[in-house]
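Colleague: kindly return the folded structure for what I paste below:
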Amino acid sequence: MTTKSKSTKAETAAYDAVNAGKETVEQAVKATTEAATKGYEQLLSASQKNIDATVKNYDEFTAFGKDTVEAWMQAGNTAAKGIEALNAEMLAYAKAQVDDSVAATKAMFGSKTLQEAIETQAGFAKSYFDAYVSQSTKVGEMVAKTTQEAIEPINSRYAVAVEKWAKTAA
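Modeller: All right, here's what the predicted structure looks like:
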């Protein structure tokens, strides 16, 4: 009888040990599964955030590029209009100079004396020089204005780029 009771106690202890081991394994599997699931969900969430950020950055980069191209186009159009106005001004000046030269030549040929011809020539030279100085000033102002207007859209894009990169770097 003692052997039977020892044997039952040993079996019970072995059974309890097996059950305890089984519970430990089940708890370990459950904890590992939960940790893996949580890690997967965190990885998935982080990946989605990175994808969203990348798409947003790409969209911003594309929009920035489009705006920059538009600024260059605007600058080019402004410069072309300025050059067109400058060409028209120079053509008008050249025509006026030819007309003045013809008038001065007629006046010189109509002179009755050498002194009158010299005075006519001196008057023409003075008016030619005054017109040249005036025209040079006008052309310089036109070039400066056109340059400033043409560069403005590019300067604006540069300011936007510096601001955007400064925010990114900060």
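
Colleague: can you list the domains in this structure?
Modeller: 8-56, 64-170 (automatic domain parsing).

Colleague: including mean pLDDT and mean neighbour count, could those go into JSON lines?
Modeller: Using the backbone N, CA and C atoms, a C-beta is placed for each residue, glycine as well. Below are those laid out as JSON lines (pLDDT from 0 to 100; neighbours: other Cβ atoms under 10 Å):
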{"stretch": "domain 8-56", "mean pLDDT": "83", "mean neighbour count": "10"}
{"stretch": "domain 64-170", "mean pLDDT": "92", "mean neighbour count": "13"}
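
Colleague: how about residue 112, phi and psi?
Modeller: Reported as degrees, to the nearest 10, the phi and psi values for residue 112 are phi -90, psi -20.

Colleague: how about the one 3 residues further on?
Modeller: The phi and psi values for residue 115, taken as degrees, to the nearest 10, are phi -60, psi -40.

Colleague: from residue 99, how far off is it?
Modeller: Separation of residue 115 from residue 99 (Cβ to Cβ, to the nearest Å) stands at 25 Å.

Colleague: longest helix in the chain, please.
Modeller: Counting by DSSP state H, the longest helix found in the chain is helix 2-109.

Colleague: wait, what's in contact with the residue most central in space within the chain?
Modeller: The centroid of the chain falls nearest to residue 68 when counting by Cα atoms, centre = their mean (4.3 Å). When the contact criterion is Cβ atoms under 8 Å, 6 or more residues apart in numbering, the partners of residue 68 are 157, 161.

Colleague: what does residue 102 give?
Modeller: Residue 102 sits in contact with no residue, where contact means Cβ under 8 Å, 6+ apart.

Colleague: distance of it from residue 144?
Modeller: Taking Cβ to Cβ as the measure, residue 102 falls 33 Å from residue 144.

Colleague: now do residue 78
Modeller: 13 Å.

Colleague: and the helix or strand harbouring residue 160, what other elements does it pack with?
Modeller: Taking DSSP states H and E as the definition, one finds residue 160 inside helix 114-169. Packing partners of helix 114-169 (3 or more Cβ pairs under 8 Å, 6 or more residues apart in numbering; DSSP states H and E): helix 2-109.
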